[in-house]
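> Below is the structure, and that's it, no one-letter string:
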């Protein structure tokens, strides 16, 4: 009996909310900037939690969604490149020592999968594959009703599988990963390469077009922009066909800004998926859908994590 | 309290054994041929179980390992190409009706993973990736202490992920799967192609060399045979690097006849794995090892399945 506090830490802002024992409407919530010249992000985060702390009700647990790589079992941020000094930082203990209630930590993409499973587009689906496609590609998987974590919680890096062994370089340094092709960065890099080769387009190299610029151009029919998004969709479909055979899910949920490309991305994705899948049994009763929680996904994922453990 | 019966059904033979409540030494075991002109395989299987049925002890449950694709949740063989008439065959009910005890069915590669986890090379590893590399490539995964099944039990088809989008055709019909490159069939097909192109080798096209012939030639230093096995190992390493990022296991177990190639296969596999992996954290505390249960793996996998459920 009591309330839950959920925190969603990003490179730009920290959001926190108090949730009741049941339901997904926050009792109180607030967001602040992550960086401030006078205080470390972890201090600002703890102060935000303290500010929201309910006067009347007991807090059962605090859930924190943070950018990876992190070790959810040890409660340690391994390296959050966008947050100053969060290297091998024992975030769970840091929060727990101040507030004296259980604290759980999860990778933001994993917790997004949890949030969609418990409260969003994936309700009722105990075998769920979630991808968030924006600057990078993050993943989360529910297998037979369990969040896939692996030995140290580093599993489900679904953007980091090789689709083209000698393909374009990924943000992680490896060639040919799904993320290097189908993320916003992958789309923008492809367009820049083609522009350098002299491909005709309404886009130009100065300034370099972003994935958003490319989507706008594609919606107006620019052939290079269309080809770039179709290529991203095709490889996304190839990647998803692998995940069907690896996880046999009943639902695939796609989130992130690149999904705003809509059918320009989804049609080639579905065509490739259908062509590549090993057998029709993987498509029977399969739902492919967009994420349902919008920008609440981080908070609701962190809530799902702690409610699942402490309810 | 009581005994367990384990059955391992293959295209050539059916093995069955009675196991005590604890331990892995069978009390009685027998194997018979799968095909016989006078009786269907399912009748022969049931008669074998009846013949071994213990006179004194109660039987707690029967576990059956069978070739896929099969639906372990429904207890139905979808299609076992090597066993006559086993198409959409409700094997679990068929056995259960005769003996009146719980019967559980599993895909042989999945149950091999279970067997290695409970009794073999994977003991103590709750995050385990198992591959059996022979004519084809089968897989089984333990995630956080659970056998990965997916919606209908079709998950963990680890041989059927695309590594080369326009690569050689797999037995399943799709191009560029791991199985099409690194299985015994993949190795033999590669050698046949190269021989047709005139590659110098002690091997010849008539008769077409098998993976076993190629391994023998490679051990004697034949350059084509060596290159074929090294190529298989390299792509195996690439596939495994994906699985590290997908599952973050603490152990990878390799079984099947192709592992007899030894370091000719394993050295390029390990080199590629090390080069491709996204970060050193996936290699920390990672064991890569050969399977430990030999030809008992099917029976012990079926035993592990039922002991895990009914002990």
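On my side now, so go ahead. Computed from a prediction, not measured in an experiment: that's the story for all the values here. Residues are numbered from 1 along each chain as shown, chains lettered A, B, ... in the order given.
> Could you use CA atoms for every contact and neighbour count after this?
Will do.
> all strands in the stretch 51-200 of chain A, in order from the N-terminus.
A:59-66, A:70-71, A:76-79, A:87-89, A:103-107, A:128-133, A:137-143, A:146-147 (DSSP state E, counting those that start in this stretch).
> which stretch among these comes nearest chain B?
strand A:137-143 (6.2 Å; Cα to the nearest Cα).
> Specify the angle between that closest one and strand B:137-143 in degrees.
80 degrees (axes from the mean of the first three to the mean of the last three Cα atoms, to 10 degrees).
> Quickly check: strand A:137-143 near chain B or not.
Yes: applying Cα under 8 Å from any Cα of the partner chain, one finds strand A:137-143 in contact with chain B at residue A:143.
> so what secondary structure elements neighbour that strand?
helix A:108-119, strand A:128-133 (3 or more Cα pairs under 8 Å, 6 or more residues apart in numbering or on different chains; DSSP states H and E).
> try 10 Å this time
Packing partners of strand A:137-143 (3 or more Cα pairs under 10 Å, 6 or more residues apart in numbering or on different chains; DSSP states H and E): strand A:103-107, helix A:108-119, strand A:128-133, helix A:178-182, helix A:223-247, strand A:251-255, helix B:223-247.
> Return the most buried member of those.
Among these, helix A:178-182 has the highest mean neighbour count (mean count of other Cα atoms under 10 Å in any protein chain shown), at a mean of 31.
> How far does that one sit from its chain's centre?
14 Å (Cα atoms, centre = their mean, to the nearest Å).
> got JSON lines for the helices and strands packed on strand A:137-143, with distance to residue B:40 and mean pLDDT too?
Listed next are the helices and strands packed on strand A:137-143 as JSON lines, based on distance: least, Cα to Cα, whole Å; pLDDT from 0 to 100:
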{"stretch": "strand A:103-107", "distance to residue B:40": "53", "mean pLDDT": "97"}
{"stretch": "helix A:108-119", "distance to residue B:40": "45", "mean pLDDT": "97"}
{"stretch": "strand A:128-133", "distance to residue B:40": "39", "mean pLDDT": "98"}
{"stretch": "helix A:178-182", "distance to residue B:40": "47", "mean pLDDT": "98"}
{"stretch": "helix A:223-247", "distance to residue B:40": "31", "mean pLDDT": "98"}
{"stretch": "strand A:251-255", "distance to residue B:40": "39", "mean pLDDT": "98"}
{"stretch": "helix B:223-247", "distance to residue B:40": "38", "mean pLDDT": "98"}
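> which stretch among those comes nearest residue B:280?
helix B:223-247 (10.8 Å; Cα to Cα).
> what about the closest one and chain A, touching?
Yes: with Cα under 10 Å from any Cα of the partner chain as the criterion, chain A is reached by helix B:223-247 at B:235, B:238, B:239, B:241, B:242, B:243, B:244, B:245, B:246, B:247.
> TSV for those residues, including distance to residue B:93?
As requested, the residues of helix B:223-247 next to chain A are exported to TSV (distance: Cα to Cα, whole Å):
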residue	distance to residue B:93
B:235	41
B:238	41
B:239	37
B:241	40
B:242	38
B:243	35
B:244	37
B:245	38
B:246	35
B:247	33
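> re earlier: nearest to residue B:84, of the helices and strands packed on strand A:137-143?
helix A:223-247 (25.8 Å).
> near chain B, anything from that closest one?
Yes: with Cα under 10 Å from any Cα as the criterion, chain B is reached by helix A:223-247 at A:235, A:238, A:239, A:241, A:242, A:243, A:244, A:245, A:246, A:247.
> so where does the closest residue to residue A:225 other than its chain neighbours fall, helix or strand?
Leaving aside its sequence neighbours, residue A:225 sits nearest to residue A:218 (Cα to Cα, 6 or more residues apart in numbering or on different chains; 4.7 Å). Using DSSP states H and E, residue A:218 falls within helix A:211-219.
> List of residues touching that helix?
With Cα atoms under 10 Å, 6 or more residues apart in numbering or on different chains as the test, helix A:211-219 has contacts from A:134-135, A:183-189, A:191, A:201-203, A:209-210, A:220-230, A:257-258, A:260-262, A:264-265.
> Residue A:225 reaches residue A:204, doesn't it?
No: assessed by Cα atoms under 10 Å, residue A:225 is found out of contact with residue A:204, at 11.2 Å.
> so how far is stretch A:192-208 from its chain's centroid?
29 Å.
> Enumerate the positions of that stretch that are buried.
A:192, A:194, A:195, A:203 (16 or more other Cα atoms under 10 Å in any protein chain shown).
> swap in stretch A:44-52?
A:44, A:45, A:46, A:48, A:49, A:52.
> which residues sit against that stretch?
A:5-9, A:13-18, A:27-36, A:38-39, A:41-43, A:53, A:62, A:94-96, A:98-99.
> among these, which ones are buried?
Using 16+ other Cα under 10 Å, the buried ones in those are A:5-9, A:14-18, A:29, A:34-35, A:41-42, A:53, A:62, A:94-96, A:99.
> Need the pLDDT of residue A:81.
At residue A:81, the predicted lDDT confidence score is 81.
> quick one on the thing from earlier: out of the residues of helix B:223-247 next to chain A, flag the one nearest to residue A:146.
After measuring the residues of helix B:223-247 next to chain A against residue A:146 - Cα to Cα - the closest member comes out as residue B:247, at 13.1 Å.
> Confirm for me that the closest one is in contact with residue A:153.
Yes: the pair residue B:247 / residue A:153 is scored as a contact, 8.9 Å apart, by Cα under 10 Å.
> Pull up the overlap in contacts between the two.
residue B:144.
> give the contact list for residue A:116.
A:122-123, A:125, A:128, A:130, A:253, A:291-294, A:297-298, A:300-301, A:304.
> what's the distance between the closest residue to chain B within the stretch 1-150 of chain A and residue A:301?
Nearest residue of the stretch 1-150 of chain A to chain B: residue A:150, at 4.7 Å (Cα to the nearest Cα). Residue A:150 sits 18 Å away from residue A:301, taking Cα to Cα, to the nearest Å as the criterion.
> Looking at these two, which has the bigger crowd around it?
Legend: neighbour count by other Cα atoms under 10 Å in any protein chain shown for residue A:150 and residue A:301, higher for residue A:301 (33 against 24).
> for the more buried one, helix, strand, or coil?
Here residue A:301 is recorded as helix under DSSP: H, G, I helix; E, B strand; the rest coil.
> In space, what's closest to it - neighbours in sequence excluded?
residue A:115 is the one closest to residue A:301 (Cα to Cα, 6+ apart), at 3.8 Å.
> Surely that neighbour is in contact with residue A:141?
No: Residue A:115 lies out of contact with residue A:141 (Cα under 10 Å); the separation is 11.3 Å.
> Spit out the residues that contact the two alike.
By Cα under 10 Å, 6+ apart, the residues touching both residue A:115 and residue A:141 are residue A:109.
> sorry, back to before: adding distance to chain B and pLDDT, write the buried residues of stretch A:192-208 out as TSV.
Listed next are those as TSV, based on distance: Cα to the nearest Cα, whole Å; pLDDT from 0 to 100:
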residue	distance to chain B	pLDDT
A:192	24	97
A:194	21	97
A:195	25	97
A:203	29	96
